[in-house]
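Chemist: structure for the following, please:
(chains A, B and C)
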Amino acid sequence: MAFWKLFARNRGAVIGLVILVLITVMAATAGLFFPQDPFSLAGQPMSPPGENGFLLGSDSLGRDVAAGIAHGAKTSLLIGLLATLVAVFVGIVMGALAGYYGGFIDNLLMRLTEMFQTIPSFIFAILLVAIMKPSIESIVIAIAVVSWPAVARLVRGEFLSLRNREFVQACHTLGMSDLRIMLGEILPNCLSPVIVIGSLMVATAILIESGLAFLGLGDPNIMSWGFQIGAGRTLLRSAWWVCTFPGIAILLTVLAINLVGEGMNDALNPRLRERS
Amino acid sequence: MRYVVKRLLQAIPIVLAIIILNFFLLQLAEGDAVDVLAGEAGSATPEYMAELRAKFGLDKPLPVQLAIYLKNVMVLDLGYSFRHEMPVSELIFDRLFATVLLMTSTILLAVGFGVLLGLVAAMGLNTWRDTAISIFALITYATPLFWVGLMLIVVFSLNLGWFPTSGMENFAMFYEGWDRVKDIAHHLVLPTITLSLFYLALYTRLMRASMLEQAGQDYVTTARAKGVTENRIMFVHVLRNALLPVVTMAGVQVGALIGGSVIVESVFAWPGLGMLAFEALFSRDLNLLLGIFFLSALLVVAVNLVVDIVYSSLDPRIEVD
Amino acid sequence: MTRLLDITDLHVALPPESQRPYAVEAMNLHLEENEILCVVGESGSGKSLTARAVMGLLPKPRVRIAQGSVLFQGEDLAQASEERLRAIRGSEISMIFQEPMTALNPVMTIGVQIDEVFRFHDRMPGKERRRRALKLLQDVQLPDPEQTLKAYPHELSGGQRQRAMIAMALALDPKILIADEPTTALDVTTQAQVLKLIKEMQASHGTGVLFITHDFGVVADIADRVCVMQNGLVVETGTTDQVLRRPSHPYTKALIGAVPDLVPRPARARSSETVLRVRHLEKTYRSGGGLFGGKERVVHAANDVTIDLARGETLGIVGESGSGKSTVARCIVRLNDAEAGEILLGDTDLRPLGRAAMRPHRARIQMVFQDPFASLNPRTRIGKIIAQGPMMYGASAEAARARTLELLDIVGLDARAYDRFPHEFSGGQRQRIGIARALALEPEILVADEPVSALDVSIQAQILKLLDEIRDRMNLSMIFITHDLRVAAQVCDRIAVMQRGQVIEVGPTAELFANPTASYTRELLSAVPGKDWFSEPAISSETP
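Modeler: Numbering: from 1, shown residues only, chains lettered A, B, ... in the order given. Next comes the predicted model:
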């Protein structure tokens, strides 16, 4: 409960949480309010917002922009969460092993993350999706592949400093097994920063996903915000609404997640908060 | 100087690793160059294809193929683009200048303004200036690049008509000399702003946090105890230390910046590597895409080297490590 | 005639959520020219904030002067403008700090940082400033002043950095020098040199020095007058002689009584049975180097170390930082792997044992750690911290619980501690928990690595007493690592002195103190602060 008190102290975080809940509700009820396939023709093409029964207008093929946004929310949240979960899991395993054992594994990991810092990650993600053919799975994999090194570096750093803490050494003198020290003693003490970086990574993952979809690398069977904007860019002159509203949806979602992430940071790392 | 040589040597294994990664990505893809060629030609007999495979060394075991690939990359032979009917390396070098231009202007704008805004925010902690800058950074940090680009086009090109919507220069005018430079600069404005906004937000936040952290350090108290003025404390003592993480981050972000240029170049039809990648993506020209990937990684290595040298001149402790 | 510094009814207010309203309350204090006044107190006594209040360096607005005056030559600094304070700071009043590494700007040379003092107070040509900076560095006895001017802080040793700080502080010949624990981060021999330097500089310039410290030994060596603080209040002020010999306040008495005596306590009979024999232990650390050049640095942390531990005795390993004393301890409990030599526990050589082979022997040697805040997992309850050892070796949950409660009682903690988390306890209490954890496996040997050096002196005495009690009660043999010869004198039967990885002298404590053979041991002994004051039988103290 102390967590909520600290979290609620950050007004931005509370606003972010409210927005995020609204978007989640929108994603969950998309099928209820817009039962039709968002790819299907729903009425007069190129209708401006508020006309012909379109809340946010329609595009050149008569697709409902509002329906696309509601269904796209599902895609964004789903891919963002899945990719982050995979990346966090891989990152924790790699970072924990490298930080705890040091030596060869650590060296290998550091070279690997150095390489990942050097290669342009978005181009790498494009390549991966292009090679694997666009689908939800390939997008999730591509985003996770370019995201895990950040978690691994963080976890490695935490393990590196915690493994030399005296309470961990005390466990060694008791003869505790490595696995139990890693999972039972060290990991719980570095979860807060991982939760924070994880929440921020969901936001980044959503941005990458929208970028891929914008370039035409989205799953062709699933509506997404990036796809909507990509499809509407040729209509910039004649139908500004097709691009504008999905963009605002992305902006709000990413902003909300970032705000929540910062609130969690404040609540979980009280030392940092006191500094400023 | 020894430091520069050392950093150059350290870059070699990374470049090697990227080449190997490239090779395996090529292997992962369905079909090989001969399949593509055959597809281009319409029909080809299996005998002819086998002959071609032998010619390209594609019938050899994987390690041998890798060795051949490594050797080719060393002399910058990145293969042949059948779509463009040109060697990949030639295609890429044609486009390199545009991307380097866009990147340079973006880094300058993002780091310069980011440092400035972060500084202003940290100096007026919790004033309206700080709040305004922080909100600006928060929002730009959450905005997708391509959408910013499109919105800027709607406002500044389509409605106001201040800037061109696309391209790098107006070929129809046949500008030369300074006029051409001015024309290119005019085209450069919107893409640069679009690409730099996200990083501007990043550096602003980093600089603000870094300034605040450094302002709480012991050496600041020492400087105050010496009677040094607040201005000198801020602009000489704190600023130099606070810049260090920003410079590091600028190096780290170069890779991401090139990734972002794919999107921005495709939005503004800026004829650089990113635009080429976008075209390659549409024509399924994997060989070209891999070539771009490799060269952009090289570019990052080069920029990182420059950043490291800048860093070592800012931080005297670096030679020791 | 006005006093140099006259503090009257000073109140320093803390932010509302703090434990007490004032960090410093109703303080009256004065400092004369050419005297050294020591402000002594334990952590949280408000002594450091007093120093900052004088300098106008409080972290405003959260911490501020709420009431009272700070008169410097008749001028009230509590009311002075920021502009005026800046003019005074560095020229009239200057300050040196505890941690010379963080107190110097890492990216500016020593020369530039000294030069700033001149530039912001006096108009003089660059050549003159440089000449004076060189002179200063000579005065504080830094080797090669020319080179030092161009050096960055990380290129100097800790003692050299503190000398550079002193040079900077004395650049404009200030009337007052405020020294905030300036030797706490230094080794004992370096501390002695720096204290001597401060005293010399003070005497030759006639400076008034406000010296903040927690160490009564340092007080005895340097102070003309003493002011004792407790929880923000001045409890006693007087000349050094008065306060140290005839303390009037019970708190002062308790503090002075807690300073361990440098005269070793009477020797005990030594058992003929040897429980642990360390033979020719070798351990090196390598850093730098690697694949792409860089010079590899090799530190010989343990070089042919041979020591014996008899049953029931306490063997002290004494040395300065970097002497390898902790490395030896960690090799013995197998936290570090020694490269060569033998660690014979009974007849078993522990050194080459792998993890599995080592496990049955783990329980026989246990360790007590230095930092009570880092040695307990912040997310684990005290009961589990202590009980998990026995349970790993097969004790039932009930048996482990019973044993834990018994141990809590032995180390003097309430049974209610069982379900609490570490952050609910003070440093001394945490150290008790750490001791209980080490005892849970009923070891034969306890290795204590600086177990009291992170604690306030009054708590130190309690923990040392506890260690003594349990050693006798459980027939433990103990290896006691410390940098503090006073502590060693009080708990160790025998002492091994280490320097640069080598044991240079071993002997019974009393003998080693009376007739040190190695010159380094003599140097260590003569560097102990306040040795002339506290070497006679402890001052009688009524407080328990």
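
Chemist: just the helices from the stretch 51-200 of chain B, written as ranges.
Modeler: Assigned by DSSP state H, counting those that start in this stretch, the helices in the stretch 51-200 of chain B fall at B:62-74, B:88-123, B:128-141, B:145-152, B:177-215.

Chemist: so where is chain B shaky, pLDDT-wise?
Modeler: B:1, B:30-44, B:52, B:55-59, B:172-173, B:319-321 (pLDDT under 70).

Chemist: residue numbers of it in contact with chain C?
Modeler: B:2, B:6, B:9-10, B:217-219, B:221-229, B:232, B:236-237, B:240-241, B:244, B:314-317, B:320 (C-beta under 8 Å from any C-beta of the partner chain). Using the backbone N, CA and C atoms, a C-beta is placed for each residue, glycine as well.

Chemist: ok, 7 Å please
Modeler: Proximity of chain B to chain C, by C-beta under 7 Å from any C-beta of the partner chain, involves residues B:6, B:9-10, B:217-219, B:221-222, B:224-229, B:237, B:240-241, B:314-317, B:320.

Chemist: and those, which of them are buried?
Modeler: B:10, B:217-219, B:221-222, B:224-228, B:237, B:240-241, B:315-316 (16 or more other C-beta atoms under 10 Å in any protein chain shown).

Chemist: helix or strand for the nearest residue to A:Leu17 once chain neighbours are set aside, which one?
Modeler: Using C-beta to C-beta, 6 or more residues apart in numbering or on different chains and skipping the chain neighbours, the partner closest in space to A:Leu17 is A:Val260 (5.4 Å). Per DSSP states H and E: A:Val260 is located in helix A:240-268.

Chemist: go on, C:Asp6?
Modeler: Counting by DSSP H and E, C:Asp6 is part of strand C:5-13.

Chemist: could you give the mean pLDDT of that strand?
Modeler: Here strand C:5-13 scores 91 as its mean pLDDT.

Chemist: so how far is that strand off the chain centroid?
Modeler: 28 Å (C-alpha atoms, centre = their mean, to the nearest Å).

Chemist: who touches that strand?
Modeler: Under the criterion C-beta atoms under 7 Å, 6 or more residues apart in numbering or on different chains, residues C:21-31, C:49, C:53, C:58, C:63-72, C:176, C:208 lie in contact with strand C:5-13.

Chemist: out of these, list just those in strands.
Modeler: Among the contacts of strand C:5-13, DSSP state E puts C:22-31, C:64-72, C:176, C:208 in strands.

Chemist: for chain C, see how far away B:Ala110 is.
Modeler: B:Ala110 sits 24 Å away from chain C, going by C-beta to the nearest C-beta, to the nearest Å.

Chemist: near that residue, how many other residues are there?
Modeler: If you count neighbours by other C-beta atoms under 10 Å in any protein chain shown, B:Ala110 ends up with 25.

Chemist: residues of the stretch 101-250 of chain B that sit close to chain A?
Modeler: Counting by C-beta under 7 Å from any C-beta, the stretch 101-250 of chain B sits next to chain A at B:138-139, B:141-144, B:146-147, B:150, B:153-154, B:158, B:212-213, B:216.

Chemist: buried among those residues? Make that a PyMOL selection.
Modeler: The following PyMOL line selects those of these that are buried, judged by 16+ other C-beta under 10 Å:
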select buried, chain B and resi 138+141+142+143+144+146+147+150+153+154+212+213
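
Chemist: tell me which two in the residues of the stretch 101-250 of chain B next to chain A are the farthest apart.
Modeler: Maximum pairwise distance in these, criterion C-beta to C-beta, is 48.3 Å, between B:Leu158 and B:Gly216.

Chemist: count the residues that sit near the nearest residue to B:Leu16 once chain neighbours are set aside.
Modeler: In space, and not counting its chain neighbours, B:Leu16 is closest to B:Leu70: 8.0 Å by C-beta to C-beta, 6+ apart. Neighbourhood size, B:Leu70 [other C-beta under 10 Å]: 13.

Chemist: B:Leu70 contacts B:Ile18, doesn't it?
Modeler: No: contact between B:Leu70 and B:Ile18 fails when scored by C-beta atoms under 7 Å: they sit 11.5 Å apart.

Chemist: hang on, B:Val247 packs against B:Asp315?
Modeler: No: with contact defined as C-beta under 7 Å, B:Val247 and B:Asp315 do not form a contacting pair (8.8 Å).

Chemist: what residues does stretch C:340-353 touch?
Modeler: By C-beta under 7 Å, 6+ apart, stretch C:340-353 touches C:276-282, C:331-332, C:334, C:338, C:358, C:361, C:364-365.

Chemist: count the residues that sit near B:Phe171.
Modeler: 9.

Chemist: ok, now the one 5 residues further on?
Modeler: Applying the criterion other C-beta under 10 Å, we find 8 residues in the vicinity of B:Glu176.

Chemist: against B:Leu188, how distant is it?
Modeler: 18 Å (C-beta to C-beta, to the nearest Å).

Chemist: B:Leu195 too?
Modeler: Taken as C-beta to C-beta, the span from B:Leu195 to B:Leu188 is 10 Å.

Chemist: so which of those two has more stuff around it?
Modeler: Counted by other C-beta under 10 Å, B:Leu195 and B:Leu188 do not tie: B:Leu195 has more neighbours, with 31 against 20.

Chemist: the more buried one contacts B:Gly260, doesn't it?
Modeler: Yes: applying C-beta under 7 Å, one finds B:Leu195 in contact with B:Gly260, separated by 5.5 Å.

Chemist: what is in contact with the two at once?
Modeler: B:Leu145.

Chemist: returning to that earlier point: relative to helix B:128-141, how tilted is the helix holding A:Val260?
Modeler: 120 degrees (axes from the mean of the first three to the mean of the last three C-alpha atoms, to 10 degrees).

Chemist: pretty sure A:Ala152 sits against A:Val93.
Modeler: No: contact criterion C-beta under 7 Å: A:Ala152 and A:Val93 do not qualify, at 8.4 Å.

Chemist: the more surrounded of those two?
Modeler: Using other C-beta under 10 Å, the more surrounded residue of A:Ala152 and A:Val93 is A:Ala152, with 27 against 14.

Chemist: nearest residue to B:Val267 in space, ignoring adjacent ones along the chain?
Modeler: Closest to B:Val267 by C-beta to C-beta, 6+ apart is B:Gly149, at 3.8 Å.

Chemist: contacting residues for residue 109?
Modeler: Picked chain A for this. A:Met94, A:Ala98, A:Ala152, A:Arg156.

Chemist: ah, no, chain C please
Modeler: C:Leu149, C:Lys150, C:Ala151, C:Tyr152.

Chemist: rebuild those as JSON lines, extending it with pLDDT.
Modeler: Shown next, in JSON lines, are these (pLDDT from 0 to 100):
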{"residue": "C:Leu149", "pLDDT": "89"}
{"residue": "C:Lys150", "pLDDT": "89"}
{"residue": "C:Ala151", "pLDDT": "89"}
{"residue": "C:Tyr152", "pLDDT": "89"}
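
Chemist: what about those, which are in helices?
Modeler: Of the positions in the contacts of C:Thr109, C:Leu149, C:Lys150 sit in helices, assigned by DSSP state H.

Chemist: deepest of the helices of the stretch 51-200 of chain B, which one?
Modeler: Ranked by mean neighbour count, those are led by helix B:145-152 with a mean of 23 (mean count of other C-beta atoms under 10 Å in any protein chain shown).
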